[in-house]
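Engineer: sequence unknown, structure follows:
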């Protein structure tokens, strides 16, 4: 049994149920000697840069990228997906990439 399946079984036995699944492709970027990490997340609803680290580091790197604090998105992917569904008139489900037919 995989670690993920074992963890899912434990969570199920604790009475927890999945309510939202999502897929993303993540690329991580770091700079030697710095405390933070920049991630580029490609999701079914768009691409997002995520900055993780001390607040001062986040503000500095965001500024270098041309962003100000007012540009920050602090919502979870679940909340972003619900907003996307509302704006496109689609029914929320799991946020998954469309399956492509084999070539």
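Structural biologist: Sure, I can see it. Owing to the predicted nature of the structure, the values given are computational and were not obtained by experimental measurement.
Engineer: for the residue nearest the centre of the chain, what are its contacts?
Structural biologist: What sits nearest the mean C-alpha location of the chain, by Cα atoms, centre = their mean, is residue 77, with 5.2 Å. Residue 77 makes contact with 22, 24, 43, 95, according to Cβ atoms under 8 Å, 6 or more residues apart in numbering. Quick note: C-beta positions are derived from backbone N, CA and C, even for glycine.
Engineer: Distance of the last one relative to residue 86?
Structural biologist: What it means is residue 95. Distance of residue 95 to residue 86, computed by Cβ to Cβ, to the nearest Å: 14 Å.
Engineer: cool, and the third one?
Structural biologist: Using Cβ to Cβ, we find residue 43 at a distance of 16 Å from residue 86.
Engineer: again, but for residue 53
Structural biologist: 31 Å.
Engineer: What ranges in the protein fall below the confidence cut-off?
Structural biologist: 101, 103 (pLDDT under 70).
Engineer: And the helices in it?
Structural biologist: Applying DSSP state H to the chain gives helices spanning 3-13, 55-64, 77-88.
Engineer: Tell me which of those helices sits nearest to residue 30.
Structural biologist: Across these, residue 30 has its closest neighbour in helix 55-64 (10.9 Å, Cβ to Cβ).
Engineer: The closest one packs against which elements?
Structural biologist: Under the contact criterion of 3 or more Cβ pairs under 8 Å, 6 or more residues apart in numbering; DSSP states H and E, helix 55-64 touches strand 46-52.
Engineer: which parts of the strand it packs on are buried?
Structural biologist: By neighbour count on 16 or more other Cβ atoms under 10 Å, the buried set for strand 46-52 is residue 51.
Engineer: Just the residues contacting that strand, thanks.
Structural biologist: For strand 46-52, the external contacting residues (Cβ under 8 Å, 6+ apart) are 36-41, 57-58, 61-62, 65, 73, 84.
Engineer: try it again with 10 Å
Structural biologist: By Cβ atoms under 10 Å, 6 or more residues apart in numbering, the list of residues contacting strand 46-52 from outside reads 24-26, 28-29, 35-42, 57-62, 65, 67, 72-73, 77, 80, 84.
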